[in-house]
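Asks: I need the structure of the sequence given here:
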Amino acid sequence: MEDRYRLQLMRLSRSLKEKWPLYKQRHDKEILLQDNARPHVAKPVKTYLETLQWEVLPHPPYSPDIAPADFHLFRSLAHGLVDKRFHSFEEAKKWIDSWIASKDMPFFRRGIYILPEKWEKVVASDGQYFK
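Replies: Residues are numbered from 1 along each chain as shown. Got it, this is the predicted structure:
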C-alpha cells in the first residue's frame, strides 16, 4: 500500500514541477498535510519525503473533524454526487475530472484557510463531540 502512495507522491512532485515551474522561485519549500494513515507514515514514504525535502506538517490521530479533505473537499464532492450513477470507471473519472476543473482556486484556498479554525475548535472541545 505504501508503494502506491509513494508512487502518487512521485507523480505529484513531477506535476508540481511541470505545472508550476515558478513556484520554487516564490516559495522556499513545499508543505504537505496528510493524515497518519499507515501508508502515509511508512518508512519508505518518510524516506522519500525526506529526499523531496518537503515539510510534512504534524497531524494528530485521525479525526473527521480536522481531516482537511473530509470536511471540505470530499463533503463538497459528496454533495455533487447525490443522485449520480456511473456505468463505467471512465464515466466516473470524467465526471470527477470535470468537477475538479469546475472549482476555482478560491474554493481550494478556502478549505486550507478554515483548517486552523477547525483545529482550534477540536482542541477547545477537549475530545467532546461538536458540530
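
Asks: Low-confidence ranges, this protein, go.
Replies: 1, 23-24, 60-71, 127-131 (pLDDT under 70).

Asks: what domains does the record give for it?
Replies: Domain assignment for the chain, taken from automatic domain parsing, gives 1-59, 61-131.

Asks: now those in a markdown table, with mean neighbour count?
Replies: All C-beta atoms are positioned from the backbone trio N, CA, C, and that covers glycine. A markdown table is the format used below for the domains of the chain (neighbours: other Cβ atoms under 10 Å):
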| stretch | mean neighbour count |
| --- | --- |
| domain 1-59 | 13 |
| domain 61-131 | 12 |
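
Asks: Is it correct that A42 is in contact with E2?
Replies: Yes - here A42 reaches E2: they are 3.6 Å apart, a contact under Cβ atoms under 8 Å.

Asks: those strands in this protein, which residues are they?
Replies: For the chain, the strands defined by DSSP state E cover 31-32, 55-56.

Asks: wait, which of those is closest to D126?
Replies: Proximity to D126 (Cβ to Cβ) singles out strand 55-56 among the strands of the chain, at 26.2 Å.

Asks: Quick check: which helices or strands does the closest one pack against?
Replies: Using 3 or more Cβ pairs under 8 Å, 6 or more residues apart in numbering; DSSP states H and E as the contact test, the elements touching strand 55-56 are strand 31-32.

Asks: chain center to the strand it packs on: distance?
Replies: Centroid separation for strand 31-32 versus its chain: 10 Å, with Cα atoms, centre = their mean, to the nearest Å.
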